[in-house]
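Please find the sequence and the predicted model below.
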Amino acid sequence: MSARVLVVDDIEANRRLMKAKLENRYHTVSLAANGHEALDLAVREEPQIILLDVMMPGMDGYEVCRRLKTMPETRHIPVAMLTALTDAEDRVRGLEAGADDFLSKPIDDESLFARIEALGRYGSVTAQLREQNARTASADLLSAEEQARIDASACIMVLDENIDRARQMAQKICGIGHKVVLWQDAEGQASLASEHLDLIILSLSGQSHDPLRLCANFKAAGMTDKLSILVTYSQPDHMRATTAMGLGASDMVRIPVNQQELIARIRTQLRRQRYVDILRKRIDRGLELSILDQLTGLYNRRYMLNQLEQWRKRSESGGGPVSVVSLDIDHFKAINDRYGHQAGDQVLESFAKRLRQNIRPKDIACRPGGEEFLVIMPETNVENAQMGAERIRHAIAAEPFMVDGQKTQLKVTVSAGVATFLDKDETVAELLHRADQALYTAKQGGRNQVISLAA
């Protein structure tokens, strides 16, 4: 996977060497000699990955990283810090500054590119999701509820066939507010089966199972889209760890590992995974808002017309008759005038709830607008549609509607018009017109009744 990479280093020879290595792997590279250049290029060029040196004059890498992670335009860009510093405290400091990875030099090329590939996967996903979200500054800001979701407790599995080693690993991360389960425990098996996991700490030291095969299986099952995998390895397994990164692992750490570094890496992985999850949920919510009526939760007019056209084509191809029931609450204006619009809204919400409770699973309940409702009844002839409409009418009239904090009872009735697609030449607009004609006849005939028009 090629990516746009920004390399930040105050030593020109280091910049040129890294540029040559990256371009040899078909990455597009930009260079910055100091922190201020890095911040400017990060905003202007929107790189997918930033490789950041720590020890620089003026603004050091820690400060650059902190600024990158607080700026709405750049906070989503993965940052890997590269340095000659080797102390665990330095790595922890970098991760706590917001870095997505922290690499101590010298680092072999295979490890470097494995980590870049993992960061590139994350950067590519977040870029696509952010593009689908609204293109505003607020779209890059987290609400208080979303921030709480990022910081919430997680479920972490330690997957190591050596039970003593697994318990030692679990002991390292106990006390940081997360639930820790072991693969050998029944609770761990249940969590894996139900996919109620946020992160797996996977040991490469297995003998009875192949950890790399597990990584491949997790990726094939789409699980690496929903959870992070942190691989632990000993020095002899170094190349296998880089292979695991290519198979979908998010991070790799050599054991024995400093406890604070392990905790910092776990927090980084959870933060990234949950940020992606938030972006996905925003998109899902946006899709919901585009097809649902906000007051009642029923489908809106736009979705209704789209579905009618789809079912018309299906019916035309031999999929069976399609009927609609057009509904209008009787004397709704009088309810608004006498009890107020708030009471009117309560009636609409309650009406929608009863409507949903009295249609079949395959029926589609919609609110085109106002006090008008419509039910699409796939594979239903006019006689059965009329029976369905009568069932709805009886359910609405059966019990009074409660408004004003349950203090006021209102008797509500509904009139309905039923129509069925006549032939393949009839349009959706013509079908709706016939349903409205039937509804008008029901209104003129005294309301609280169902009328169907054959033609």
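On my side now, so go ahead.

use CA for all of it now, contacts and neighbours both
OK.

And for the helix or strand harbouring Leu103, what's in contact with it?
Using DSSP states H and E, Leu103 falls within strand 101-104. Under the criterion C-alpha atoms under 8 Å, 6 or more residues apart in numbering, residues Val79, Ala80, Met81, Leu82, Thr83, Ala84, Leu85, Thr86, Arg91, Gly94, Leu95, Arg265 lie in contact with strand 101-104.

if you average pLDDT over the host helix or strand of the third one, what comes out?
Using DSSP H and E, Met81 falls within strand 79-83. Per-residue confidence for strand 79-83 averages out to 92 on the pLDDT scale.

to the chain's geometric centre, what's the distance from the next helix or strand after it?
Downstream of strand 79-83, the first helix or strand assigned by DSSP H and E is helix 88-96. Taking C-alpha atoms, centre = their mean, to the nearest Å, one finds helix 88-96 lying 30 Å from the centre of the chain it belongs to.

Next, the buried residues of helix 88-96.
Buried residues in helix 88-96, counted by 16 or more other C-alpha atoms under 10 Å: Ala88, Asp90, Arg91, Val92, Arg93, Gly94, Leu95, Glu96.

for stretch 17-31, same thing?
Met18, Lys19, Leu22, His27, Thr28, Val29, Ser30, Leu31.

The longest helix seen in the chain versus helix 88-96: what angle between them?
Taking DSSP state H as the criterion, the chain has its longest helix at helix 259-291. Angle, helix 259-291 to helix 88-96, by axes from the mean of the first three to the mean of the last three C-alpha atoms, to 10 degrees: 10 degrees.

Tell me where the stretch 251-400 of the chain is predicted with low confidence.
Within the stretch 251-400 of the chain, not a single segment meets pLDDT under 70.

Show me what the strand holding Met81 is packed against.
Under the contact criterion of 3 or more C-alpha pairs under 8 Å, 6 or more residues apart in numbering; DSSP states H and E, strand 79-83 touches strand 49-53, strand 101-104.

Let me know the angle separating that strand from helix 88-96.
160 degrees.

Give the partner strands of strand 79-83 in its sheet and their orientations.
Strand 79-83 has the following sheet partners, assigned by DSSP bridges: strand 49-53 (parallel), strand 101-104 (parallel).

chain center to the shortest one, what's the gap?
This means strand 101-104. 29 Å.

List every C-alpha atom in that strand, with coordinates, as PDB.
What follows is strand 101-104, C-alpha atoms only, in PDB (Å, rounded to 0.1, in the frame of the first residue of the first chain):
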ATOM      1  CA  ASP A 101       3.900   4.600  17.200                       C
ATOM      2  CA  PHE A 102       7.400   5.200  18.700                       C
ATOM      3  CA  LEU A 103      10.400   3.600  17.100                       C
ATOM      4  CA  SER A 104      14.000   3.500  18.500                       C
END
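
ok, Lys353 - contacts?
Applying C-alpha under 8 Å, 6+ apart to Lys353 gives the contacts Thr296.

give me the number of residues near the closest residue to Glu146 other than its chain neighbours?
Counting by C-alpha to C-alpha, 6 or more residues apart in numbering, Ile278 is the residue found nearest to Glu146 once chain neighbours are left out, at 7.0 Å. Other residues lying near Ile278 total 18 when counted by other C-alpha atoms under 10 Å.

surely Ile278 meets Glu145?
No - applying C-alpha atoms under 8 Å as the test, Ile278 and Glu145 come out as separate, 10.4 Å apart.

hey, which of the helices and strands packed on strand 79-83 is tucked in deepest?
Stretch with highest mean neighbour count among the helices and strands packed on strand 79-83: strand 49-53 (a mean of 27; mean count of other C-alpha atoms under 10 Å).

Heading C-terminal from that strand, find the next helix or strand.
Heading C-terminal from strand 49-53 (DSSP H and E), you reach helix 61-70.

and that next one, average pLDDT?
94.

what angle sits between that helix and strand 79-83?
180 degrees.

Which elements pack onto helix 61-70?
By 3+ C-alpha pairs under 8 Å, 6+ apart, helix 61-70 packs against helix 35-45.

buried stuff in the helix it packs on?
Neighbour-count burial for helix 35-45 [16+ other C-alpha under 10 Å]: Gly35, Ala38, Leu39, Leu41, Ala42.

which one of the residues you listed sits closest to Ala3?
Of all these, Ala3 sits closest to Ala42, with 13.9 Å by C-alpha to C-alpha.

Distance-wise, check the closest one relative to Leu129.
19 Å (C-alpha to C-alpha, to the nearest Å).

can you check Leu22 too?
Separation of Leu22 from Leu129 (C-alpha to C-alpha) stands at 26 Å.

tell me which element Ser153 is part of?
Secondary structure assignment for Ser153, by DSSP H and E: no helix or strand.

count of residues packed around it?
14.

Contact partners for the nearest residue to it once chain neighbours are set aside?
Distances taken as C-alpha to C-alpha, 6+ apart put His178 closest to Ser153, at 4.9 Å, once the chain neighbours are dropped. For His178, the contact set (C-alpha under 8 Å, 6+ apart) comprises Ser153, Ala154, Cys155, Ile156.

again, but for Lys219
Applying C-alpha under 8 Å, 6+ apart to Lys219 gives the contacts Asp225, Leu247, Gly248.

dump the residue contacts of the second one.
Pointing back at Leu247 there. Taking C-alpha under 8 Å, 6+ apart, one finds Leu212, Cys215, Ala216, Lys219 in contact with Leu247.
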